[in-house]
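Colleague: Sequence and predicted model, in that order:
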Amino acid sequence: MNNVNDIAPYLGQLLSFRHDLHANPELRYEEHRTADKVAAFLQALGLPVRRGLGQTGVVASIYGHGRSKDNPGRTIGIRADMDALPVTEATGAAHASCVPGKMHACGHDGHTTMLLGAATLMAKNPAFDGTVHLIFQPAEEGGAGAKAMMDDGLFQQFPCDAVFALHNWPSLPQGQMAVRVGPIMASTMRFEIRVRGKGGHAAMPHKTLDPIPVACAIVSQLQTLVSRGVDPLDSAVLTIGKIESGTVENIIPDEAAIYGTVRTLSQATQDYMTEGLERIAHHVAAAHLCEATYIHKPGYPNTTNTAAEARFMAEVMQEMVGADNTFPDIAPAMTAEDFGFMLEQVPGAYGWIGNGPNGQPGVGLHNPGYDFNDDNIELGARFWDQLARRWFAQPR
């Protein structure tokens with residue numbers, strides 16, 4: 001199927017829009033200026049806009065010929081995230097962040113612009129039989145903005161037969177795309193273990209229950225959860241990122257605290273890890289006459305692509321960049337993404353669009369030297385436009 005829409009006349013406007021967002025980054029749930037600009041862009045296309053879902057979210061609907069709110073036909077959702085990160089930019093770009101300590105270090109400014117480009121193409125030529133809901137989501141970076149929009153009735157107000165998303169991926173050169181059936185991103189959760197002993201003078205440890213060596217023993221034993229409990233063909237990552245205890249060198253404290261994260265590719269493995277964390281903490285502490293309290297902090301679920309939608313996305317990728325530049329069974333990443341919440345409720349797929357310059361991998365996400373590859377504005381806009389039209393052209 002040939003896409004007759006031409007994005008070229010709009011690329012200048014889209015590039016300026018992306019650079020403006022990049023220069024004015026806003027953190028999770030603070031995307032007021034961003035949402036204003038997105039809403040204004042969509043309204044200028046004549047699209048109905050709904051604001052306020054998930055606090056700063058924006059949703060617009062594009063109705064194909066003969067379709068309306070009361071008669072939408074088949075529906076899909078396409079999601080772009082909008083928030084920035086608390087990172088000080090070091091790119092030196094002319095459009096670099098003007099806000100100290102904040103930058104678009106994950107490319108959400110580019111994701112938003114790609115979807116606005118697609119909105120332009122579809123609004124100018126709505127020659128398809130169905131409805132596309134454009135979902136501009138806040139707070140992907142640790143704020144679970146997808147869930148917040150869903151809790152505010154996203155899919156009740158804008159029902160979707162399927163939902164799709166793209167993330168730029170610096171490990172892939174620009175011009176390549178990737179997806180997979182099943183989990184493409186890990187689930188994540190945080191935890192805290194508080195070890196309670198009995199403090200005292202450092203010269204008299206026999207009169208104390210020192211929580212520090214107990215915490216160290218717990219950390220050591222936790223490593224066996226992955227190395228001896230997870231199938232080598234499965235994946236799990238356990239990281240202890242912080243241990244806290246004591247005030248000065250000559251006082252044995254009452255308490256020590258362990259902080260960490262767990263990432264897995266299946267709910268069963270996450271359940272196993274959660275049970276193991278609590279069990280090992282309690283029993284190792286008890287073996288040393290101490291007590292341990294396990295505090296579970298749920299995070300994001302797996303981003304798990306449904307088979308039909310992932311294969312469909314791969315087909316469109318191949319049409320856009322060719323079979324040699326499409327990876328339909330890419331290995332999953334252990335990073336996490338709140339689009340997983342949407343995929344728990346609606347079938348869909350999440351894919352990657354290469355961000356590396358000059359045929360090489362690029363600067364990694366969340367790095368102060370990262371920038372979104374502007375060549376993806378055209379490719380991403382055309383991809384979303386093609387995906388929507390191809391979806392509605394499928395047999396019912």
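Modeller: That came through fine.

Colleague: now the helices for the stretch 51-200 of the chain?
Modeller: Using DSSP state H, counting those that start in this stretch, the helices found in the stretch 51-200 of the chain span residues 108-124, 145-151, 154-157.

Colleague: Name the stretch among those helices that sits most buried.
Modeller: Mean neighbours per residue, mean count of other Cβ atoms under 10 Å, is largest over those for helix 108-124, with a mean of 25. No exception for glycine: its C-beta is placed from N, CA and C like everyone else's.

Colleague: Show me how the record splits this structure into domains.
Modeller: 8-186+302-393, 189-298 (automatic domain parsing).

Colleague: Name the residues of stretch 332-342 that are buried.
Modeller: By neighbour count with 16 or more other Cβ atoms under 10 Å, stretch 332-342 contains the buried residues 332-333, 336-342.

Colleague: One more: stretch 75-91?
Modeller: Buried-residue list, stretch 75-91, by 16+ other Cβ under 10 Å: 75-85, 87, 89, 91.

Colleague: likewise stretch 13-22?
Modeller: 14-15, 17-19, 21-22.

Colleague: What of stretch 93-109?
Modeller: Buried, per 16+ other Cβ under 10 Å, within stretch 93-109: 95, 97, 102-109.

Colleague: Endpoints of it, how far apart?
Modeller: With Cα to Cα, to the nearest Å applied, stretch 93-109 spans 15 Å between its terminal residues.

Colleague: Not counting it itself, show me its contacts.
Modeller: 18-27, 80-89, 110, 140-141, 167-168, 355, 365-368, 370-372 (Cβ atoms under 8 Å, 6 or more residues apart in numbering).

Colleague: Now for the most centrally placed residue in the chain: which residues touch it?
Modeller: Nearest to the mean C-alpha position of the chain, counting by Cα atoms, centre = their mean, stands Glu337 at 2.7 Å. By Cβ under 8 Å, 6+ apart, the residues touching Glu337 are 140, 167, 185, 300, 303, 350.

Colleague: Swap in 6 Å and give it another go.
Modeller: Counting by Cβ atoms under 6 Å, 6 or more residues apart in numbering, Glu337 makes contact with 185, 303.

Colleague: In a strand, it, correct?
Modeller: No: counting by DSSP: H, G, I helix; E, B strand; the rest coil, Glu337 falls outside a strand, being coil.

Colleague: about what we covered before: with respect to Tyr259, which of the helices of the stretch 51-200 of the chain lies nearest?
Modeller: With respect to Tyr259, and counting by Cβ to Cβ, the nearest of the helices of the stretch 51-200 of the chain is helix 145-151 at 22.9 Å.

Colleague: Tell me which other helices or strands that closest one touches.
Modeller: strand 131-137, helix 339-345 (3 or more Cβ pairs under 6 Å, 6 or more residues apart in numbering; DSSP states H and E).

Colleague: For Ala80, give me its contacts.
Modeller: 111-112, 115, 136.

Colleague: Closest one of those residues to Gly197?
Modeller: Closest to Gly197, out of all of those and judged by Cβ to Cβ, is His111, at 48.2 Å.

Colleague: ranges for the strands of the stretch 1-150 of the chain?
Modeller: Along the stretch 1-150 of the chain, counting by DSSP state E, counting those that start in this stretch, strands occupy 49-51, 58-63, 75-81, 131-137.

Colleague: Now distance to Arg33 too, for the buried residues of stretch 93-109, in TSV please.
Modeller: Formatted as TSV, the buried residues of stretch 93-109 follow (distance: Cβ to Cβ, whole Å):
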residue	distance to Arg33
His95	15
Ser97	13
Lys102	12
Met103	15
His104	13
Ala105	18
Cys106	18
Gly107	18
His108	14
Asp109	12
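
Colleague: I'd like those residues laid out as JSON lines, including pLDDT.
Modeller: Below are those laid out as JSON lines (pLDDT from 0 to 100):
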{"residue": "His95", "pLDDT": "98"}
{"residue": "Ser97", "pLDDT": "98"}
{"residue": "Lys102", "pLDDT": "98"}
{"residue": "Met103", "pLDDT": "98"}
{"residue": "His104", "pLDDT": "98"}
{"residue": "Ala105", "pLDDT": "98"}
{"residue": "Cys106", "pLDDT": "98"}
{"residue": "Gly107", "pLDDT": "98"}
{"residue": "His108", "pLDDT": "98"}
{"residue": "Asp109", "pLDDT": "98"}
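
Colleague: any idea how far Gly64 is from Ala308?
Modeller: Between Ala308 and Gly64 the distance is 21 Å, computed by Cβ to Cβ, to the nearest Å.

Colleague: who has more neighbours, these two?
Modeller: Gly64 (20 against 14; other Cβ atoms under 10 Å).

Colleague: So, low pLDDT: which residues of the stretch 251-396 of the chain?
Modeller: For the stretch 251-396 of the chain, no stretch is flagged by pLDDT under 70.

Colleague: quick one, strands of it?
Modeller: According to DSSP E, counting those that start in this stretch, the strands that the stretch 251-396 of the chain contains are 251-252, 255-264, 291-298, 303-305, 326-327, 348-356.

Colleague: could you dump those to a markdown table with mean neighbour count and distance to Ser68?
Modeller: Shown next, in a markdown table, are those (neighbours: other Cβ atoms under 10 Å; distance: least, Cβ to Cβ, whole Å):
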| stretch | mean neighbour count | distance to Ser68 |
| --- | --- | --- |
| strand 251-252 | 17 | 72 |
| strand 255-264 | 21 | 43 |
| strand 291-298 | 15 | 39 |
| strand 303-305 | 27 | 31 |
| strand 326-327 | 20 | 35 |
| strand 348-356 | 25 | 24 |
